[in-house]
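Novice: pasting the sequence and the predicted model now:
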Amino acid sequence: QVQLVESGGGLVQAGGSLRLSCAASGPTFSRYVMGWFRQAPGKEREFAAAINWSGGSLSYADSVKGRFTISRDNAKNTLYLQMNSLKPEDTAVYYCAASNRLYSDSNTESYNYWGQGTQVTVSS
C-alpha cells in the first residue's frame, strides 16, 4: 500500500506557473504507474497526465498537452507536475494517484490509491 500527499498548489495569475509535488510513502513507489487528475467545482474528476514506472512513457490530456510536464524521482519517492501557461480553466483540485497496472492509464478506475488533493486557482 502507498500513501500519497500532494503539495504546491496555490493562487496564480493566468500565464503563470506552478509545480505540484506528490510525496509517496513506502518502498515500492517505483513499481506504480502514477497519474495526475483534477476536479473542478461541479465537474467530474478528469485525467491530466500519467507516467510509467521508469518515466519513459508519458501521456497527457489534450487540454494540458504542451503546457504541463509530468515527471518522477523514484529515489525520492516523489511525483511532479510542472504547469506552465496556466489558464483560468485549469482551476481545480489536483490529485495524484497510483496504479498497480503495467501501463499508464487515463481512467480513474485504474488507480488504486489517491492523495487528498491540492487546490490550484488561476485568476484571469
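Specialist: Alright, I've got the coordinates. Residues are numbered from 1 along each chain as shown.

Novice: enumerate every residue touching the closest residue to Y60 other than its chain neighbours.
Specialist: Using CB to CB, 6 or more residues apart in numbering and skipping the chain neighbours, the partner closest in space to Y60 is A49 (4.9 Å). Any C-beta I mention is one placed from the backbone N, CA and C, and that applies to glycine too. Taking CB atoms under 8 Å, 6 or more residues apart in numbering, we find A49 in contact with G35, W36, L58, S59, Y60, A61, V64, F68, T69, I70, L81.

Novice: just those residues now: which is nearest G115?
Specialist: Comparing these against G115 with CB to CB picks out W36 as the nearest, at 9.8 Å.

Novice: which residues does that closest one form a beta bridge with?
Specialist: Here W36 sits in beta bridges with A49, C96, as judged by DSSP bridges.

Novice: hmm, back to that, among the contacts of A49, which are in strands?
Specialist: Among these, DSSP state E puts G35, W36, L58, S59, Y60, F68, T69, I70, L81 in strands.
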